[in-house]
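Peer 1: Return a 3D structure for these sequence lines:
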Amino acid sequence: SHFNQYQAKVPALQKLARTVQDLQTELLQQVVQGFRRTALGTEKAGILEQQEMHTAAGLTEEKESSVLVQEENTSMLVVMTPDVMKGGVLYLDALGDTVRTEFIQNFSKDLLRPYVEEFKPPEPESPKKATTGKAVSSFHVVQQQEPTDQDEKAKQSKRLLDSVEQRFLWFRQVLEDEMQPKFGAIFPVEWHVQASLARAFLVLTRKHFLALLQRGPRQEATNATILLKALQKTLVFEKEITAWLQRECQTEFVASTKEESEESNGDEKGKKNRNVVDPLVGVASVAFDNFMAPYIALEEQSMNEQLVEALEDRTVDNRGERPVFISSTNLFVYIKGSITRCTALTKGKPFLLLYQAFSESLRKYAQILDGKLPKAIASSSTMPGISIAGLGAKSSSTSGAGESSSLANMSSESFKIPKGEEVTVCHVVSTCEYCTDTVEALEELIQDMIEPKFQAKIDMMADQEAFHDLTAKSIRVLVSGLTNRAQEFGLKQLSATNWGQWDSVGEESEYVRILHQELEPFVTTVRSLLPTSYFRSFCDKFAAAFTSVYFDTVVKLKRISEPGTQQLLLDVYNLKTLFLKLPVLEESKGTAALKKPSGGSTIAPAMYTKLVSKQFGKIETLLKLVGTPTDMLIENFKVQWAGGTANDLQVVMSLKQIKRPEQVGLLEKFGLDPAHALKGATMGISSTNIVTERVQAVTSDLNSMRQKVDDFRKSF
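Peer 2: Down below sits the predicted model:
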């Protein structure tokens, strides 16, 4: 290189440089040919070299004579001895990295030529042309062609995916019979010739696999068993050849996993050694990644079979903290096994497709759980405008219009729960909670195991939301079912009683005892089965819903006598006492096997107590005003019903059966002008409107309390 700058000026240097270059080229050619003859044998190497020279020369007349001279020189070469080959190695090293790398590539290509000829994918079959001419004996034709056909079939069969092990057996024999005996002690360890040969073999195999999967027999590309068998054997071979190279050739590979990378980073010797080889695992097996649809379909079919069984299966698994449907635990056990099977083969695109299949199956399972809930019925006419959750109604107020609208949509659903079916609804809630928690852990597991380039695509929030939504619906079903049960068995009797003729006050009414009989077992069952947070939500919603329905029922009574108001006040106090202890209601001994887990609170939450007291307080205020003498009604109304409207006053007057002329005077005394007072007394007031206003007040109170609770929690 020092004399390069003088070559243009000194002809002698130019001639010397050309001579050196020609000698290097000639010697390199002889070294390459010597290694080739040692690897392939003199006859095969000679044929290959003649083919290459004819191809390179183009067989033109000008070059034909030079080709003949090269052939004569080639025929004079003999197989090199080990000492000569070691000298050739030193010479190749002296020529630099580029020459050495090219030599290793060509050397590997020479050794793999028989592999390409023997295992190249079969060409797609072309349509057979119809033969014409004189007919011949088919017997003789078959008899002559049969041996050839059998040989051809055997030759073709080992090229297919169903016979991949024959490919790997061929390569092992090349290593053991050709590579190691002849060249094991020749090539330096740092050249990694065996690893380069293995990589070249796997690259060729990958190309063959792709050709077979794209253009080969359709029965192989669509057969999950054949695909999995071929992929598994390919992975086993890649791992085996990697271990063999590490053991026999001291080859060091680049870390292919996160754990291996951390180990190599902690090894100072590994840090300093830069002569490492890229991993071989995945070089050939990656060919299957885009063709694993049959395998994914097989996994989906197995999950769908489990989902079909889950449709009617109500078996409960009691091994956990809460009872859940055993179909949910079985599904996640299968998913875990499926992940283990898949990641043993690949963590790439097929794993991503399998994750999508998991997500689809989980959403289907949420629909199956939804099917275990009672079917919705038409809303009861006795509950106009009241949400089954007891949280909202149609409102004329402009504030919170969006929330009221969404809650009103939920109010279109009403449910009846047959005796004992509340247990199933609770199991749905517990199962949804279990699925939500497990889906979150499943998402983290998949993100940790899948290839980094696919991690951003793993998001199971929608699956969790499906179970969250079903949990919320299940709570609404419990609230609606118990409210309808209370309405059907208890409040119906309240409506049927003639309170205008009631003339005495005694113990609680019969309808109150019925409500106790209906509510207590239901609530204690729910408490024993639901997680604490969901049970509290159930109590809040049910208290709001029941008090709204109770108020509506009282408002729709035609008339209440003064003793009747006293009896109803006694009933309200009894029911308020019951509701205040609902969140901590214990199962009475001997009535059922259900028990509240130890450690439960014996004091109702403060927010719940405040809600119940306020809602029953409004009913008590209404009844007290109904029992108030007419001459004291306006004064007491203004004091006891803070913010009460003329509509509220008219409800009280309707329950007292005050005549219309007298109502006009009371409305004027309340503050209405005579015209409006007369119009109001004449037209009356719809109890539905009154109930709507009361429910809106409940909504406002609940929303306000929840906002305060949220603000309090956020402050911490």
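Peer 1: buried stuff in the helix or strand harbouring residue 104?
Peer 2: Assigned by DSSP states H and E, residue 104 belongs to helix 97-119. Within helix 97-119, the residues scored as buried using 16 or more other Cβ atoms under 10 Å are 100, 103-104, 107-108, 110-112, 115, 119. From N, CA and C alone the C-beta is placed, and that goes for glycine too.
Peer 1: Quick check: the farthest pair among those?
Peer 2: 100 and 119 (28.5 Å; Cβ to Cβ).
Peer 1: Any regions of the stretch 101-250 of the chain where pLDDT drops low?
Peer 2: 124-155, 216 (pLDDT under 70).
Peer 1: All the helices of it, in order from the start?
Peer 2: Listed in chain order, the helices of the stretch 101-250 of the chain (DSSP state H, counting those that start in this stretch) span 138-157, 164-174, 180-183, 193-215, 218-221, 224-248.
Peer 1: what angle do the helix or strand containing residue 85 and helix 97-119 make?
Peer 2: Following DSSP H and E, one finds residue 85 within helix 82-95. Between helix 82-95 and helix 97-119, the angle comes out at 120 degrees (axes from the mean of the first three to the mean of the last three Cα atoms, to 10 degrees).
Peer 1: helices or strands up against helix 82-95?
Peer 2: Counting contacts by 3 or more Cβ pairs under 8 Å, 6 or more residues apart in numbering; DSSP states H and E, helix 82-95 is packed against helix 11-40, helix 97-119.
Peer 1: Can you tell me the closest non-neighbouring residue to the spatially most central residue of the chain?
Peer 2: Computing the C-alpha centroid of the chain and ranking residues by Cα atoms, centre = their mean puts residue 359 first, at 3.6 Å. Excluding its sequence neighbours, the residue lying closest to residue 359 (Cβ to Cβ, 6 or more residues apart in numbering) is residue 463, at 5.5 Å.
Peer 1: got it, and residue 416?
Peer 2: That would be residue 484: by Cβ to Cβ, 6+ apart, it lies 5.3 Å from residue 416.
Peer 1: From the chain's centroid, how far away is the strand or helix carrying the one you found?
Peer 2: Assessed by DSSP H and E, residue 484 sits inside helix 461-486. Here helix 461-486 is found 22 Å from its chain centre; the criterion is Cα atoms, centre = their mean, to the nearest Å.
Peer 1: which residues sit against the helix or strand just after it?
Peer 2: The helix or strand immediately downstream of helix 461-486 is helix 492-496, counting by DSSP H and E. With Cβ atoms under 8 Å, 6 or more residues apart in numbering as the test, helix 492-496 has contacts from 509-511, 514, 553-554, 556-557.
Peer 1: got the buried residues for helix 492-496?
Peer 2: Residues 494-495 are the ones in helix 492-496 that count as buried (16+ other Cβ under 10 Å).
Peer 1: picking that back up, to the chain's geometric centre, what's the distance from the helix holding residue 104?
Peer 2: On Cα atoms, centre = their mean, the centre of helix 97-119 falls 46 Å from the chain's centre.
Peer 1: Kindly report the same for stretch 333-345.
Peer 2: Distance, centroid of stretch 333-345 to centroid of chain: 14 Å (Cα atoms, centre = their mean).
Peer 1: mind saving the C-alpha coords of that stretch as CSV?
Peer 2: Extracted in CSV, the C-alpha atoms of stretch 333-345 (Å, rounded to 0.1, in the frame of the first residue of the first chain):
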residue,chain,number,x,y,z
VAL,A,333,-56.3,-23.5,32.4
TYR,A,334,-56.7,-24.3,28.7
ILE,A,335,-55.4,-20.9,27.7
LYS,A,336,-52.4,-21.3,29.9
GLY,A,337,-51.7,-24.7,28.3
SER,A,338,-52.2,-23.2,24.9
ILE,A,339,-49.6,-20.5,25.7
THR,A,340,-47.1,-23.2,26.8
ARG,A,341,-47.6,-25.2,23.6
CYS,A,342,-47.3,-22.1,21.3
THR,A,343,-44.3,-20.5,23.0
ALA,A,344,-42.5,-23.9,22.8
LEU,A,345,-42.8,-23.5,19.0
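Peer 1: And the contacts of that stretch?
Peer 2: 228, 231-232, 235, 285, 299, 302-303, 306, 350-351, 354, 358, 361, 442, 445-446, 449.
Peer 1: can we see that at 7 Å?
Peer 2: Stretch 333-345 is contacted from outside by 231-232, 235, 299, 302-303, 306, 350-351, 354, 358, 442, 449, using Cβ atoms under 7 Å, 6 or more residues apart in numbering.
Peer 1: Next: stretch 562-572.
Peer 2: 499-500, 502-505, 508-509, 512, 560, 616, 619-620, 623, 626-627.
Peer 1: Just send the helices and strands packed on helix 82-95 back as TSV, with distance to residue 344 too.
Peer 2: Converted to TSV, those look like this (distance: least, Cβ to Cβ, whole Å):
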stretch	distance to residue 344
helix 11-40	37
helix 97-119	26
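Peer 1: Now which of the contacts of helix 492-496 would you call buried?
Peer 2: Buried among the contacts of helix 492-496 (16+ other Cβ under 10 Å): 509, 511, 514, 553-554, 556-557.
Peer 1: Next, give me the two most distant ones among those residues.
Peer 2: Checked with Cβ to Cβ, the buried ones among the contacts of helix 492-496 reach their widest spread between 514 and 556, with 18.7 Å between them.
Peer 1: hang on, the earlier thing: tell me which of the helices of the stretch 101-250 of the chain lies nearest to residue 123.
Peer 2: Here helix 193-215 is closest among these (Cβ to Cβ), at 8.4 Å.
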